[in-house]
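Engineer: Using only what follows, build the 3D model:
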Amino acid sequence: MSEAVSVRLPVDIAKRLDELAKSLDRPKTYIVTKALREYLEEYEDYLIALHRLNDKNDRVISEKELVKLGR
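Structural biologist: Below is the predicted model of the structure:
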C-alpha cells in the first residue's frame with residue numbers, strides 16, 4: 001500500500017531526477033522512494049548514535065575491549 005505525497009523540487013534537482021529515471025528506465029517514484037528509505041535509515045542511525053553519545057550512563061569502551069567482545 002502506498003500514500004501519495006506531493007513535493008516541490010528545485011529545478012536542478014527535478015532535472016537530475018528526470019535524467020536519472022530515464023537513464024535507468026525506472027519511474028521517478030522508484031528513485032525517490034529508494035533515496036528516502038536510505039536517508040531515513042541513515043538519519044535514524046544518526047539519532048541513535050547522538051542519543052548514546054549524550055547518555056551519561058552508556059559506557060564507552062575501547063577498540064581493544066570491542067575486539068575482545070567479538071571473540
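
Engineer: Going along the chain, name the helices of this structure.
Structural biologist: All helices of the chain, identified by DSSP state H, fall at 11-24, 28-54, 63-70.

Engineer: I'd like to know which of those is closest to residue 5.
Structural biologist: Nearest to residue 5 among the helices of the chain is helix 28-54; the distance by Cβ to Cβ comes to 9.1 Å. Bear in mind the C-beta positions are built from the backbone N, C-alpha and C, glycine included.

Engineer: returning to that earlier point: could I get the helices of the chain as TSV with mean pLDDT and mean neighbour count?
Structural biologist: Below are the helices of the chain laid out as TSV (pLDDT from 0 to 100; neighbours: other Cβ atoms under 10 Å):
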stretch	mean pLDDT	mean neighbour count
helix 11-24	98	11
helix 28-54	95	11
helix 63-70	88	9
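
Engineer: With distance to residue 1 added, can I get those in TSV?
Structural biologist: Formatted as TSV, the helices of the chain follow (distance: least, Cβ to Cβ, whole Å):
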stretch	distance to residue 1
helix 11-24	23
helix 28-54	13
helix 63-70	40
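
Engineer: What's the local residue count around residue 6?
Structural biologist: Neighbours of residue 6 under the rule other Cβ atoms under 10 Å: 4.
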